[in-house]
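Undergrad: Here is my input; please provide its structure:
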Amino acid sequence: MRVSLLLILLTTIFSCKNQTETKKVKGDLNYTAANQQSVQLEAALNLTANIRNQALQADLELKNPGNDLLTINDIELSTPEGIRSIPETGNMGSIVLKPGENKAISLKFHPLNDLREFQLSGRNGYFKSGYNLLINTKSDQDSSPSMLTIPAKLTEPEYKTYLTKYKIPATSYKFNTKTDFTAKQKLYLSNLKQLKQSPFVFLSDQEIAVSGINIRLSSYCEKDTLNAKLFIVNHADFPVRINPDHLGFGYTGESSTDLTNVKVIKISGSQEKNLIDKGDRVLIHLKKYFKNPDNKAVLSFNRVFEFSNGTPLFKDNVELIKLTL
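TA: Okay, the predicted model is just below:
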């Protein structure tokens with residue numbers, strides 16, 4: 001009887017112990033991170049990736065081993081190149097730990113992995129093989145902040161397998177700044193009565209600015225499908241009307257039967273979707289089949305933007321240059 005009671009007691013204790021243990025969440029990618037400790041903070045990290053959502057989940061176990069009140073002001077995720085991202089969901093406010101106190105938190109990131117790809121395509125890029133989680137702390141007895149860094153890495157075979165399976169060759173486009181587009185456009189605007197001031201024209205790799213109308217391009221092409229966005233802001237003193245049916249992405253010799261799917265989204269401003277008043281912001285999505293064998297393309301938009309009397313804002317279309325992402 002004593003043996004049976006002892007077995008029951010041990011089984012109960014073992015069962016309770018298992019129930020209180022923290023289970024590590026598993027993801028599509030599971031990064032390895034060693035526990036880190038400083039005078040102010042002890043931290044254990046479980047970092048996992050959801051490939052479909054392009055999200056990283058950071059599950060943290062935090063402990064204050066000291067005798068002072070500890071405040072964690074912010075937590076950031078950094079790539080090896082130093083590009084930092086803040087959490088989008090989770091315990092994003094200040095976290096206060098009393099002496100000896102433990103706390104578990106869960107944070108979700110959509111990390112910016114590749115700055116060049118983001119600028120060209122609007123996408124964050126593929127996951128990195130490693131990240132650093134940066135925890136900024138401050139003690140109530142010490143005014144100077146400190147940082148605890150937790151490295152998290154995939155093994156080389158794991159990362160190679162991920163890229164082999166999921167990385168798709170892609171291209172993007174930038175404006176060709178070496179043409180005479182700027183000079184011709186400025187001359188064209190100087191002869192229009194709609195402009196009360198001297199015309200201003202600026203062309204960079206991703207942006208066109210014309211007398212207060214700013215247009216930014218982002219694009220990527222995968223598996224012969226082009227996705228492009230035009231983000232438009234009106235800082236001018238005049239309204240501009242959009243004719244989205246005239247917007248196109250093409251190249252010399254392209255068949256006129258190729259279809260383009262264009263969607264206009266009014267982010268802010270007046271209720272009329274195809275009218276851009278001063279202060280309005282508009283996003284135009286463009287999607288089409290686009291198998292371009294050439295290194296150049298053309299953004300057809302000289303009939304897309306008009307003054308209120310129907311006069312086109314642009315004289316010519318603008319040439320594009322293809323880039324590999």
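Undergrad: which residues does residue 209 bridge with?
TA: residue 202, residue 214 (DSSP bridges).
Undergrad: tell me the pLDDT at it?
TA: In the prediction, the pLDDT value recorded for residue 209 is 93.
Undergrad: so it makes contact with residue 216?
TA: No - using CB atoms under 8 Å, residue 209 and residue 216 do not qualify as a contacting pair, with a distance of 9.4 Å. To be clear about C-beta, it is placed using only N, CA and C from the backbone, and glycine gets the same treatment.
Undergrad: and residue 317, what is it in contact with?
TA: Contact analysis of residue 317 by CB atoms under 8 Å, 6 or more residues apart in numbering lists 298, 299, 300, 301, 302.
Undergrad: wait, residue 229
TA: 122, 217, 218, 219, 283, 284, 285, 286.
Undergrad: follow-up on the earlier one: return the closest of the contacts of residue 317 with respect to residue 65.
TA: Each of those was scored against residue 65 by CB to CB, and residue 299 proved nearest at 58.8 Å.
Undergrad: now the closest one: how far from residue 117?
TA: For residue 299, the distance to residue 117 (CB to CB, to the nearest Å) stands at 20 Å.
Undergrad: Most neighbours among the contacts of residue 229, please name it.
TA: Of all these, the most densely surrounded is residue 219 (27 neighbours; neighbours counted as other CB atoms under 10 Å).
Undergrad: same question for the host helix or strand of it, mean pLDDT?
TA: Residue 219 belongs to strand 213-222 when elements are defined using DSSP states H and E. If you average the pLDDT over strand 213-222, you get 94.
Undergrad: May I see the buried residues of that strand?
TA: Buried residues in strand 213-222, counted by 16 or more other CB atoms under 10 Å: 213, 214, 215, 216, 217, 218, 219, 220, 221.
Undergrad: which residues does the third one contact?
TA: Residue 215 makes contact with 207, 208, 209, 230, 231, 232 under the criterion CB under 8 Å, 6+ apart.
Undergrad: what's the pLDDT at the closest residue to residue 302 other than its chain neighbours?
TA: Sequence neighbours aside, residue 314 is the residue nearest to residue 302 in space, at 4.5 Å (criterion: CB to CB, 6 or more residues apart in numbering). pLDDT, the model's per-residue confidence, is 90 for residue 314.
Undergrad: now swap in residue 15 and tell me
TA: Here, the pLDDT recorded for residue 15 equals 38.
Undergrad: ditto for residue 22
TA: Reported pLDDT for residue 22: 44.
Undergrad: Low-confidence stretches in the stretch 51-200 of the chain?
TA: Counting by pLDDT under 70, the ranges of the stretch 51-200 of the chain that qualify are 90-92.
Undergrad: could you pull out the helices for it?
TA: Defined through DSSP state H, counting those that start in this stretch, the helices belonging to the stretch 51-200 of the chain, from first to last, are 115-121, 156-166, 181-190.
Undergrad: Tally up the residues packed near residue 57, please.
TA: 19.
Undergrad: And the one 10 residues further on, by the same measure?
TA: Using other CB under 10 Å, residue 67 has 9 neighbouring residues.
Undergrad: ok, now how distant is it from residue 320?
TA: Distance from residue 67 to residue 320, by CB to CB: 62 Å.
Undergrad: now do residue 303
TA: Spatial separation of residue 303 from residue 320 under the definition CB to CB is 17 Å.
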